[in-house]
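Enquirer: Could you look at this predicted model? Sequence included:
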Amino acid sequence: METVFHDVPHEPGLKTVAKRKLKNHQYSQLQSSTDLTLADLSSTALRKLGIPRVDLIETDKDIYPQTRKWAEAIHAQCPDVQGLEWVSRQDDRARAIILFGDRLPPDPLSSIAPSVDIVENEDTYAALVELAETIGVQITGK
């Protein structure tokens, strides 16, 4: 959800996503083979730093150059941190994680199940359509 519905506006009314934009996306289930040290970017931690969530997490893609600078600064200042973790902008019941590849041990993640194409796999696509309906999005086209 964090990726495929990222650019859907947070406003009332009909919202659409073209099915063609969903092509070539995979659904993967991963687990960590080791404990990872992640920088906490939750609202509570950001508040302590004096950074409003809206300025770092709830941003549009045109702000990504600035948010990348935050990630670079955390990477530079915190040598033990292996990635970043925050509450998903799209689904506040989920966590979003970015890992710093240069800080990870070999093979830090393993697949719980084979990755599947989100459009081609019937069960995954049905779940995606159900989620879209839940958040008021219509998937259009072929």
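Expert: Thanks, I have it. Residues are numbered from 1 along each chain as shown.

Enquirer: Low-confidence bits of this structure, can you list those?
Expert: Low-confidence regions of the chain, defined here as pLDDT under 70, cover residues 1.

Enquirer: mind listing the strands in it by residue range?
Expert: All strands of the chain, identified by DSSP state E, fall at 15-18, 26-32, 38-40, 83-87, 95-99, 109-117, 137-140.

Enquirer: so what strands line up beside the second one?
Expert: Sheet pairing here is set by DSSP bridges, and for strand 26-32 it gives strand 109-117 (antiparallel).

Enquirer: re the thing from before, tell me the most buried of the strands of the chain?
Expert: strand 83-87 (a mean of 19; mean count of other C-beta atoms under 10 Å). Glycine gets a C-beta too; all of them are placed from N, C-alpha and C.

Enquirer: Sheet-wise, list the partners of that one with their directions.
Expert: strand 38-40 (parallel), strand 95-99 (antiparallel).

Enquirer: Return the distance of the first one from the chain's centre.
Expert: Centroid separation for strand 38-40 versus its chain: 15 Å, with C-alpha atoms, centre = their mean, to the nearest Å.

Enquirer: Am I right that residue 90 is in contact with residue 4?
Expert: No - with contact taken as C-beta atoms under 8 Å, residue 90 and residue 4 are classed as non-touching, separated by 9.2 Å.

Enquirer: ok, the two, which is more surrounded?
Expert: residue 4 (19 against 16; other C-beta atoms under 10 Å).

Enquirer: Quick check: that one vs residue 60, distance?
Expert: When distances are taken as C-beta to C-beta, to the nearest Å, residue 4 and residue 60 turn out to be 16 Å apart.
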